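Peer 1: return a 3D structure for these sequence lines:
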Amino acid sequence: MSVLKSAVGRKVIMAVTGFFMVFFVLMHLLGNSTIFIGPEWINSYAEHLHDLPVVVWPFRGFMFVMLCLHVFFGITLTLENWGANPGKYAVSKKLKTTFAGKTMIWTGLLLLAFILFHLLHFTLKVVPEVPQVLDELGRFDVYTMMVAGLLNRVVAGIYIAAMIVLFLHTSHGIQSIFQTIGLNNERTLPKYNLAAKFLSAVFLIGFSAIPVLIVTWIIS
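Peer 2: Down below sits the predicted model:
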């Protein structure tokens, strides 16, 4: 396909898959944030998802494809850029090179490793510290699972560190989406940059607050 052979086409795929993953992270944060309200809310949320396999499993499959495409083209584009002649390196001059921008490949790989760890920890539940019990209504007790799983300070530290990495990755990645699809200019770029940092900060604070409140026994 000509789109896959073109560097611009591959960058567009990166932007589109990145958009869907940012959307997924936002939805995941909204769902996980119900833990702040109490066991009833997050257990009910999890039960509703469990009752919608026709929607949940196709969505998971779709997101898996998006992740694979994003990782594959992220690595191939990075390798191409490393091997390219600096004089031919096609990068918009409007997007300043920052620490987050320079380390996108590394923060991306770290996030991939964290995703695998997270799946093993809570989805596949292979970690002994994660209990698999039911609440008083016979639903899977997600609240107890999360509290027990994040009470370990080392594990909590891994989650917080991963959210810092996520902040770096998305603070550059979100604004890159607008750049790639051609919506940025000298006037709008600062706004997109601010929006990217704001949303990334929301991810960092929102997700990190969960392990922090658990290890300090505020959520127990």
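
Peer 1: quick one: mean pLDDT for the helix or strand hosting Phe64?
Peer 2: Element membership for Phe64, per DSSP states H and E: helix 53-83. For helix 53-83, mean pLDDT rounds to 92.

Peer 1: swap in stretch 191-205?
Peer 2: Stretch 191-205 shows a mean pLDDT of 94.

Peer 1: so what does Lys191 have for phi and psi?
Peer 2: phi -70, psi -40 (degrees, to the nearest 10).

Peer 1: residue contacts, it?
Peer 2: Lys191 is in contact with no residue at all, counting by Cβ atoms under 8 Å, 6 or more residues apart in numbering. Using the backbone N, CA and C atoms, a C-beta is placed for each residue, glycine as well.

Peer 1: mind listing what's buried along the helix holding Phe64?
Peer 2: Met66, Leu67, Leu69, His70, Val71, Phe73, Gly74, Leu77 (16 or more other Cβ atoms under 10 Å).

Peer 1: would you mind measuring from the residue nearest the centre of the chain to Met63?
Peer 2: Centroid-nearest residue in the chain: Val25, 4.8 Å away (criterion: Cα atoms, centre = their mean). Separation of Val25 from Met63 (Cβ to Cβ, to the nearest Å) stands at 10 Å.

Peer 1: ok so, going back, tell me which other helices or strands the helix holding Phe64 touches.
Peer 2: helix 7-32, helix 104-118 (3 or more Cβ pairs under 8 Å, 6 or more residues apart in numbering; DSSP states H and E).

Peer 1: mean pLDDT added to these, as a markdown table?
Peer 2: Below are the helices and strands packed on helix 53-83 laid out as a markdown table (pLDDT from 0 to 100):
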| stretch | mean pLDDT |
| --- | --- |
| helix 7-32 | 93 |
| helix 104-118 | 95 |
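
Peer 1: the closest residue to Ala15 other than its chain neighbours: neighbour count?
Peer 2: Excluding its sequence neighbours, the residue lying closest to Ala15 (Cβ to Cβ, 6 or more residues apart in numbering) is Thr180, at 3.9 Å. Using other Cβ atoms under 10 Å, Thr180 has 20 neighbouring residues.

Peer 1: what's around the closest residue to the residue nearest to the centre of the chain other than its chain neighbours, how many residues?
Peer 2: Nearest residue to Val25, sequence neighbours excluded (Cβ to Cβ, 6+ apart): Phe203, at 6.1 Å. The number of residues packed near Phe203 is 20, by other Cβ under 10 Å.

Peer 1: my guess is Phe203 contacts Leu29. True?
Peer 2: Yes - Phe203 is in contact with Leu29 according to Cβ atoms under 8 Å; the separation is 6.3 Å.
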